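Student: Prediction below, plus the sequence it came from.
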Amino acid sequence: MNLRKNGFYFMVIGVISELILPFILGVFVSDFNQIINVISKFGETKGFVNIVFKTWEITNGILFLMAIPAFFTRFRNTSKKLARYLSLSIGLFALGDCILTGLFDSSMLNFKIINIGKFIHGSASLVAFIAIIIGILILGKLYSLEKNRKMANITIINFILVGIFMILFAVSKVDFLYNIIGRYRGLWQKLSLLFTFLPFFIVAVNSIFNNIENKNSLF
């Protein structure tokens, strides 16, 4: 399998899989509210849903890792250095927010002084999201180097939207803001994920269609 060419398909599948995960698993959790509850609730649920959630996240992480060679190949001629940083950002996200999420939760390594499982999960997720947000900026810079103003602007708009929804998600924990925006934490999280993934999804889809067109032009 040539991941340099076909890796974009894994990104498309991984993004769609991440976005539909809460809507599918939410069906099996009676008190799960898509607008109110955050995705990590599935990791705290016991039994079938917990196992499926962990397996799903690990699988998504592997899909994102398999997409890295295609993204590096796509942008290496634009800037090999930035293409490496972009690959690193995708890799850190795949490991931190997907694979480690599937391997660790708050019920694991729970001691009186510290819950190591929860600490690893929280720290890995934080690093992962910082990395992928930096990755969005790197994409914007790469498109600027290619003088593709339209895609550069789309990427920056996505970055701003991600920032807005992540701020709403974070401050919704503040007591006096809870009644105003706190009840919508699930919504803010899903919107931030949507606009986080969108730039990478667009790159993958555009590259897939370009590859198909190039193949057809040879016949």
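Tutor: Alright, I've got the coordinates.
Student: Which elements pack onto the longest helix seen in the chain?
Tutor: Using DSSP state H to assign secondary structure, the helix with the most residues in the chain is helix 185-217. With contacts taken as 3 or more C-beta pairs under 8 Å, 6 or more residues apart in numbering; DSSP states H and E, helix 185-217 sits against helix 3-25, helix 48-75, helix 116-145, helix 149-171. In short, each C-beta sits where N, CA and C put it, glycine included.
Student: Dihedrals phi and psi, residue 148?
Tutor: phi -100, psi 80 (degrees, to the nearest 10).
Student: Next, the contact list for it, please.
Tutor: For residue 148, the contact set (C-beta atoms under 8 Å, 6 or more residues apart in numbering) is empty.
Student: and it, how far is that from residue 154?
Tutor: 9 Å (C-beta to C-beta, to the nearest Å).
Student: cool, and residue 201?
Tutor: 11 Å.
Student: Which residues are in contact with residue 196?
Tutor: Residue 196 neighbours (C-beta under 8 Å, 6+ apart): 129, 132-133, 136, 158, 162.
Student: could you check the angle helix 149-171 makes with the longest helix of the chain?
Tutor: Interaxial angle of helix 185-217 relative to helix 149-171 (axes from the mean of the first three to the mean of the last three C-alpha atoms, to 10 degrees): 160 degrees.
Student: Give me the distance from helix 185-217 to the chain's centre.
Tutor: For helix 185-217, the separation from the chain centroid amounts to 11 Å (computed by C-alpha atoms, centre = their mean, to the nearest Å).
Student: can you check stretch 52-65 too?
Tutor: Distance, centroid of stretch 52-65 to centroid of chain: 11 Å (C-alpha atoms, centre = their mean).
Student: Quick check: buried residues in it?
Tutor: Buried residues in stretch 52-65, defined by neighbour count with 16 or more other C-beta atoms under 10 Å: 52-54, 56-58, 60-65.
Student: need those in JSON lines with distance to residue 24, can you?
Tutor: Listed next are the buried residues of stretch 52-65 as JSON lines, based on distance: C-beta to C-beta, whole Å:
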{"residue": "52", "distance to residue 24": "9"}
{"residue": "53", "distance to residue 24": "10"}
{"residue": "54", "distance to residue 24": "15"}
{"residue": "56", "distance to residue 24": "9"}
{"residue": "57", "distance to residue 24": "13"}
{"residue": "58", "distance to residue 24": "16"}
{"residue": "60", "distance to residue 24": "13"}
{"residue": "61", "distance to residue 24": "18"}
{"residue": "62", "distance to residue 24": "19"}
{"residue": "63", "distance to residue 24": "16"}
{"residue": "64", "distance to residue 24": "19"}
{"residue": "65", "distance to residue 24": "22"}
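Student: So, low pLDDT: which residues of this protein?
Tutor: Within the chain, the stretches with pLDDT under 70 are 105-119, 121, 175-180, 216-219.
Student: ok, 50 please
Tutor: 109-112 (pLDDT under 50).
Student: Without its sequence neighbours, what residue ends up closest to the one residue sitting closest to the centre of the chain?
Tutor: Closest residue to the average C-alpha location of the chain: residue 197 at 5.5 Å, with C-alpha atoms, centre = their mean. Computed as C-beta to C-beta, 6 or more residues apart in numbering, the closest residue to residue 197 that is not its neighbour in sequence is residue 15, at 4.4 Å.
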